[in-house]
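> return a 3D structure for these sequence lines:
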Amino acid sequence: MKFEILAPAGSMESLIAGVRSGADAVYLGGKLFSARRNAGNFDSNELCDAAAYCHERNVKVYLTLNILISDDEMESVYHAVKDAMKAGIDGFIVQDLGVAKMIREHFPQARLHGSTQMSIMSPAGAGKAKELGFSRIVLPREMTLEEIKEMQKSTDLELEIFVHGALCMSVSGQCYLSSMLGSRSGNRGLCAQPCRLPFTAKNDGKEYALSLKDLSLVRHLKELDGIMSLKIEGRMKRPEYVAAAVTAVKRAINGTLTEENTHQLRSVFSRSGFTDGYLTGRRGSDMFGIRQKEDVVMAKDVLSKISHTYDNENPLIPIDFELICRENQPTSLTSSALGRKITVTTDIPEKAINKPMTAEGLSQRLGKLGGTQFYLNNISVELDEGLILPVSKINELRRRAIEEIVKTEKREIIAKPYTPVSSASAKKNIKYLTASFRSAEQIPDKHPFKHVFIPMDSSLEDFVDNRAGVVLPRGLFGIENEMRNRLEKLKKAGVSKALCGNIGSYTLAKELGYEVYGDFGLNVYNSLTAQQIDNPILSFELTTTQIANINAENTGVIVYGSVPLMLTRNCPVKSSISCYECNKNGHLTDRKGIEFPVICSDYPCVEILNSVPIYMLDRMNEVSADFAHFYFSTESQKEVERIMDLYKNEIGYDRKYTRGLYYRQLK
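Down below sits the predicted model:
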């Protein structure tokens, strides 16, 4: 098995721990624009030092730019990429399609890696990523082994998966819990982790229904043959954690994993142990866990021991030497390592009076590489008889050879000048309304919607009777063929429009000739992204001011609805009570007694809705978009009719509601 071991580096100390423990690559963030903005991270000078340190040890460096970027931040991201390219960064981990477009157009040399927050979980999604210039995608943590194998067969992109570290309850990139409840967005790198607080499905206040154990797949690596990169989560974790995780993964690859390694892994950090439930398909209550007192106590015993494993440089890189020592010519030493070959020279040797040099003695002297990252692989010595050189000169040759071989080569950077994206030239006025429904039974006989959308598994009669478009699932795990077959049938029945919240469903629907509307799950946060998506419903994490500045055609805004705060593959209700007891009327209750509806479907994921709806119907004059979208979920037909009366008369809501983030600037 040949894998890249990819280690987290939230600080220089963690980077060194990962590299000295045997990582093949590290990923790190700058001070801004990173999904772990509360980690130590690296400024531009530190980034240069980090890249140099890694490249001197044949380790690659990937920079995380894996958050959503607003229009007024895009130029700063351009300069951050330019600085990173100068520092020698080997790739950029990106979530935002607008950022990817900017990098692709301005830095043609840059390698793009699709962040797990892009939610690419289907062959069509992988195909779109390749079309957009990505060379690698990071698969969601929620995929089974069978689904991973399907992705391997369907694409020649490099695939990267998480093999150890924290698990979010939500599919990455599809969580809005922290932003809606506390204005700290995971999509902006500042998740407050409210999911680790008490949530219960039984309303007894004793459960943590949204807190999963940490992931660990170190015993499954043989099954992952063909995956390019094995990623360890943990840029917020301490260096000892990084060292323990890298060591365990490396040993698992080599077949030398011990019980001590796994004990250290659990000791340094876990939440009641680890889980492999997604990979094996054994989802359920066993996957849930919290950080307990015994987990913390266990760590104290191993941290000091682990810290000493990377105190000193480990000789992980082979180097070859070729020494030529001839009479009447300067002595030369050629070294080959890190894909480079250099030659250094010193004095002309003298005739030996007593003991002349031997090839064996010179080999021993040159092989003293202690304290460096190198070990001697091969050495050849061409030596005329009867010659002598001072030991200091031989040592100097070896030292200079090492210094020269690790020197960073200057990289020519192609960077096209940045052209700012202009803001929308004028305020947009709502021209028409659209709505999505959980069921066709919710749709009133008379309504003002130009387009209505209903779920993919609705009956053909419901589609025809309501002249409805189709809502495609955001969770596409293993269902692309099923979705393709269903879309083909719907197309024959006259369905022509599709509402898509995943890049895979969006791509497939367009391929089949549908008029596509981009749903909120595509996280359209800036003009460059909006210009790549047909009829985009803009992110509800934007403010009204940011929305007004989006420069793209036919944009939409959600003006009503209890929007999903999480898309989850492991049902938080099912882990506590049976589906029979739930009867598709599940909810979670937080520590304050607030209830959040849990909606299930025939497809692989459930959605946890906000406790109250976004309501903007009395402030429509402040919404600058081409169309307004209504997101109906648990409402009855009668309730939908009441909402439409409120809209018609621009009346305030008489129940609890939220303005969402439309007037709250995200942190």
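> helices and strands around the lowest-mean-pLDDT helix or strand in the chain, which ones?
In the chain, no helix or strand scores lower on mean pLDDT, DSSP states H and E than helix 293-307, which sits at a mean of 78. In terms of contacts (3 or more CB pairs under 8 Å, 6 or more residues apart in numbering; DSSP states H and E), helix 293-307 is packed against helix 239-254, helix 259-268. C-beta: built from backbone N, CA, C; applies to glycine.
> redo the ones you listed as a markdown table? Include distance to residue 429, mean pLDDT and mean neighbour count.
Shown next, in a markdown table, are the helices and strands packed on helix 293-307 (distance: least, CB to CB, whole Å; pLDDT from 0 to 100; neighbours: other CB atoms under 10 Å):
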| stretch | distance to residue 429 | mean pLDDT | mean neighbour count |
| --- | --- | --- | --- |
| helix 239-254 | 53 | 95 | 24 |
| helix 259-268 | 57 | 89 | 18 |
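> need the ones you listed in a markdown table (columns: distance to residue 540).
Formatted as a markdown table, these follow (distance: least, CB to CB, whole Å):
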| stretch | distance to residue 540 |
| --- | --- |
| helix 239-254 | 35 |
| helix 259-268 | 38 |
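> the ones you listed: which one's closest to residue 13?
Nearest to residue 13, of all the helices and strands packed on helix 293-307, is helix 239-254, at 4.6 Å by CB to CB.
> so that closest one versus helix 259-268, what angle?
Angle of helix 239-254 versus helix 259-268, following axes from the mean of the first three to the mean of the last three CA atoms, to 10 degrees, is 150 degrees.
> counting by contacts, list what helix 239-254 packs against.
strand 4-8, helix 12-21, strand 158-165, strand 229-232, helix 259-268, helix 293-307.
> for stretch 491-506, give the mean pLDDT please.
In this model, stretch 491-506 has an average pLDDT of 98.
> ok now it, how far from the chain's centre?
26 Å (CA atoms, centre = their mean, to the nearest Å).
> please save the CA atoms from that stretch in PDB.
Below are the C-alpha coordinates for stretch 491-506, written out as PDB (Å, rounded to 0.1, in the frame of the first residue of the first chain):
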ATOM      1  CA  LYS A 491     -38.400  14.100 -17.600                       C
ATOM      2  CA  LYS A 492     -40.500  11.800 -19.800                       C
ATOM      3  CA  ALA A 493     -43.500  12.800 -17.600                       C
ATOM      4  CA  GLY A 494     -42.900  16.500 -18.400                       C
ATOM      5  CA  VAL A 495     -41.000  17.600 -15.400                       C
ATOM      6  CA  SER A 496     -38.500  20.300 -16.600                       C
ATOM      7  CA  LYS A 497     -37.100  22.000 -13.500                       C
ATOM      8  CA  ALA A 498     -34.800  20.800 -10.700                       C
ATOM      9  CA  LEU A 499     -33.900  22.400  -7.300                       C
ATOM     10  CA  CYS A 500     -30.400  21.100  -6.400                       C
ATOM     11  CA  GLY A 501     -28.400  21.700  -3.200                       C
ATOM     12  CA  ASN A 502     -25.400  19.500  -4.000                       C
ATOM     13  CA  ILE A 503     -22.900  19.900  -6.800                       C
ATOM     14  CA  GLY A 504     -23.500  16.300  -7.800                       C
ATOM     15  CA  SER A 505     -27.200  16.500  -8.200                       C
ATOM     16  CA  TYR A 506     -26.800  19.900  -9.900                       C
END
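> report the buried residues of it.
491, 495, 497-506 (16 or more other CB atoms under 10 Å).
> strands of the stretch 451-600 of the chain, start to end?
All strands of the stretch 451-600 of the chain, identified by DSSP state E, counting those that start in this stretch, fall at 451-455, 469-471, 497-500, 515-518, 556-561, 564-568, 586-590, 595-599.
> let me know which of these is the nearest to residue 180.
strand 564-568 (5.8 Å).
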